[in-house]
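**Student:** I would like the atomic coordinates for the input below:
(2 chains)
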Amino acid sequence: MRFGVVVFPGSNCDADCYHVIDKVLAEPVEYLWHGDRDLKEVDCVILPGGFSYGDYLRVGAIARFSPVMEKVLEHAAEGGLVIGICNGFQILTEVGLLPGALVKNPSLKFQCHNTRLRVERNDLPFTSLYKKKEIVEIPIAHGEGSFVADEETLGLLEKENRVVFRYCDENGEITGIANPNGSLNNIAGICNEKGNVLGMMPHPERCAEEMLGGLDGEILFRSLAGWRQGGDVA
Amino acid sequence: MFKAVVTITFKKNILDPQGSAVHKALHSLGYPEVSDVRVGKHIEVVMDVDSDEEAHKRIEEMCTKLLANPVIEDYQIDVAVVE
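**Tutor:** Have a look, this model is predicted:
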């Protein structure tokens, strides 16, 4: 599995993602420059966290017009794997690969702390090594991570089983208190219909080494690395 | 030349935490009559086009493609002639 990490002006988790794949997983990885229409034949594209284009206008709004995004759209349409983390998730909603939007946290604060998540699906390339309904701890770090969508879209996401991660308490219960940012239905991550595009607000690359406080995020990258190429998604 | 002024606000059903914070601040400043505050964006776009109609058509396009996100925002457009 060849990985590519897109670098936008203002990305700041690109090096972390690269490090995890290169040094922790020892898998091939390339940086993909936002201005190039070239995905360097990677199998999985990572849109990393950060503040692409300074979050001007709306989070993710300008990044979607980067030349590289044309290729990311083609890659996704052909069934290629795409994961957007934090700002990457915001970009995926702006570009229309995922529904809904991420808006300012009701607390008005930039929230940077660990969250508990319940893994709702483990039949995806991103989550195959998690147990179903496993409770994991992965940090969030965002000011605008409150997931919103109209009622019809939200209903469709639930009906099609497209919620991949939900904020939960220590027992795996989906409660208001466990919800750090007012996201509808405690949504922390969703996928597209085919299951080859995932967007999530928490940062798995920040908990992929024991010395950094846990390995719950490493499981996600290891799931991807082990996913057989050309394997059926979902 | 034409100047389009685009006013963007969150849709009614989207929580506007900035608006709520300003609302509370106005109450504590002694304005109990304030019943709602919405914080939005004001964008001015100056265009070199020939007619008011064309200005409207182009700015409408810009709004749907970039300036506003229809999932969460409403917008209102005002166009005027400028020197």
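**Student:** buried stuff in stretch A:8-22?
**Tutor:** A:F8, A:G10, A:S11, A:C13, A:D14, A:D16, A:C17, A:Y18, A:V20, A:I21, A:D22 (16 or more other Cβ atoms under 10 Å in any protein chain shown). C-betas here are computed from N, CA, C, even on glycine.
**Student:** which one of the residues you listed is nearest to chain B?
**Tutor:** Nearest to chain B among those, counting by Cβ to the nearest Cβ, is A:F8 at 16.3 Å.
**Student:** would you confirm that that closest one contacts A:F51?
**Tutor:** No. Here A:F8 does not reach A:F51: they are 9.0 Å apart, not a contact under Cβ atoms under 8 Å.
**Student:** leaving out sequence neighbours, find the closest residue to A:G100.
**Tutor:** In space, and not counting its chain neighbours, A:G100 is closest to A:A149: 3.5 Å by Cβ to Cβ, 6 or more residues apart in numbering or on different chains.
**Student:** need the phi and psi values for that neighbour.
**Tutor:** The phi/psi pair for A:A149 (degrees, to the nearest 10) reads phi -160, psi 160.
**Student:** and if you look at A:N186?
**Tutor:** According to degrees, to the nearest 10, A:N186 has phi 60, psi 30.
**Student:** in contact with the residue sitting furthest away from the middle of chain A, which residues?
**Tutor:** Using Cα atoms, centre = their mean, the residue of chain A lying farthest from its centre is A:N171. It sits 23.5 Å away. The contact partners of A:N171, by Cβ atoms under 8 Å, 6 or more residues apart in numbering or on different chains, come to A:I135.
**Student:** the residue lying farthest from the centre of chain B: what secondary structure?
**Tutor:** What lies farthest from the middle of chain B is B:G30; by Cα atoms, centre = their mean that is 27.1 Å. With DSSP: H, G, I helix; E, B strand; the rest coil as the basis, the three-state label of B:G30 is coil.
**Student:** now swap in A:H113 and tell me
**Tutor:** Assignment for A:H113 (three-state DSSP): strand.
**Student:** just list whatever residues bridge to it.
**Tutor:** A:I140 (DSSP bridges).
**Student:** the residue nearest to A:G100 contacts A:L102, correct?
**Tutor:** No. A:A149 lies out of contact with A:L102 (Cβ under 8 Å); the separation is 10.3 Å.
**Student:** where do the strands of the chain begin and end?
**Tutor:** Since you didn't name a chain, this refers to chain A. A:3-7, A:29-33, A:44-47, A:81-85, A:101-103, A:111-119, A:135-142, A:146-148, A:163-167, A:187-191, A:197-200 (DSSP state E).
**Student:** I was thinking of chain B, sorry if that wasn't clear
**Tutor:** So, for chain B - with DSSP E - the strands run B:2-10, B:41-47, B:73-81.
**Student:** as JSON lines, those with mean pLDDT would be great.
**Tutor:** Output for the strands of chain B, formatted as JSON lines (pLDDT from 0 to 100):
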{"stretch": "strand B:2-10", "mean pLDDT": "96"}
{"stretch": "strand B:41-47", "mean pLDDT": "97"}
{"stretch": "strand B:73-81", "mean pLDDT": "96"}
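**Student:** can you tell me which of those strands is most buried?
**Tutor:** When the strands of chain B are scored by mean count of other Cβ atoms under 10 Å in any protein chain shown, the highest mean neighbour count falls to strand B:2-10 (a mean of 18).
**Student:** packing partners for it?
**Tutor:** Here strand B:2-10 touches strand B:41-47, helix B:52-62, strand B:73-81, going by 3 or more Cβ pairs under 8 Å, 6 or more residues apart in numbering or on different chains; DSSP states H and E.
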